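Novice: Quick one, fold the following:
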Amino acid sequence: MSDPEFTLLGDAIWLDFINTAATPPDARDLLPDLPAYHRWTKASKLVSDTDHVSLEEVRGFRIQLAHLAAALSEDRQPRSSVIQAINEILARAGGHQQLLRVKGTWRTQFTPGRHASALEAIANSVALTLSESATRVRRCTGENCTLFFADYSPNHSRRFCSAATCGKRLRVERRRSDRSPAPP
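Specialist: The predicted structure follows:
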């Protein structure tokens, strides 16, 4: 997904959220203030919660999630404090269980009492990623790229945040090196 202000890969909301942090090569924080966070929530099609959260809370949660992504990309266990922070935000969403009949069987389903705020949607995105065993969190191997992405590929071989940008650069460099004349 393309946005002129933010890089939205669309893999997982929480990864797009942490990808807004200041990272090389430009080292510019894309969420320097609450209005920028509000614009990011709108670009991500989330319910803005800027009237209920502080910039410190947003940045603190983003730092915790960045630690989580780094741990997952390196196949390490995440800190328990990160899981606790996610669960605290998930607990904010009110709702109830409903009994539903699905294809002849009874099932329960959680029904939220309202639309999730942006931080709640981000926390839910983390929970879904962590509960899906077939998903791997990776850091892009493109030159000068530090973005995280979710690898849903069957054999977990995805290496780039975007095949159209980072992957394309590598293909172009390979072609150029293949065409370069052999030394005499």
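Novice: Surely residue 22 touches residue 28?
Specialist: Yes - the pair residue 22 and residue 28 qualifies as a contact (C-beta atoms under 8 Å) at a distance of 5.8 Å. The way it works is simple: take the backbone N, C-alpha and C, and place the C-beta from them, glycine included.
Novice: where exactly do the helices run in the protein?
Specialist: Using DSSP state H, the helices of the chain run over 13-18, 34-43, 55-73, 80-90, 118-131, 166-179.
Novice: Output these in CSV, with distance to residue 49 appended to each entry.
Specialist: Formatted as CSV, those follow (distance: least, C-beta to C-beta, whole Å):
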stretch, distance to residue 49
helix 13-18, 13
helix 34-43, 7
helix 55-73, 9
helix 80-90, 10
helix 118-131, 5
helix 166-179, 32
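Novice: Compare these and say which comes out lowest on pLDDT.
Specialist: For those, mean pLDDT drops lowest on helix 166-179, to a mean of 57.
Novice: rewinding a little: so which of the helices of the chain is the most packed in?
Specialist: Mean neighbour count (mean count of other C-beta atoms under 10 Å) peaks for helix 13-18 among these, with a mean of 25.
Novice: How about residues contacting it?
Specialist: By C-beta atoms under 8 Å, 6 or more residues apart in numbering, the surrounding residues in contact with helix 13-18 are 6-10, 40, 44, 46, 62, 65-66, 69, 121-123, 125-126, 129, 137, 147-150.
Novice: number of nearby residues for the nearest residue to residue 34 once chain neighbours are set aside?
Specialist: Among residues not flanking residue 34 along the chain, residue 50 sits closest, at 4.9 Å (C-beta to C-beta, 6 or more residues apart in numbering). Residues lying near residue 50 (other C-beta atoms under 10 Å) number 18.
Novice: please renumber so the chain begins at 19
Specialist: All set: I'll call the first residue 19, so the last point we hit is now residue 68.
Novice: Could you measure from residue 68 over to residue 60?
Specialist: Residue 68 sits at a distance of 10 Å from residue 60 (criterion: C-beta to C-beta, to the nearest Å).
Novice: Tell me who's in contact with residue 133.
Specialist: Per C-beta under 8 Å, 6+ apart, neighbours of residue 133: residue 65.
Novice: repeat for residue 110
Specialist: Applying C-beta under 8 Å, 6+ apart, the residues near residue 110 are 135, 137-138.
Novice: let's go with 10 Å and repeat that
Specialist: Residue 110 sits next to 67, 70, 134-135, 137-138, 141 when contact means C-beta atoms under 10 Å, 6 or more residues apart in numbering.
Novice: for residue 56, same thing?
Specialist: Residue 56 is in contact with 49, 66-69, 136, counting by C-beta under 10 Å, 6+ apart.
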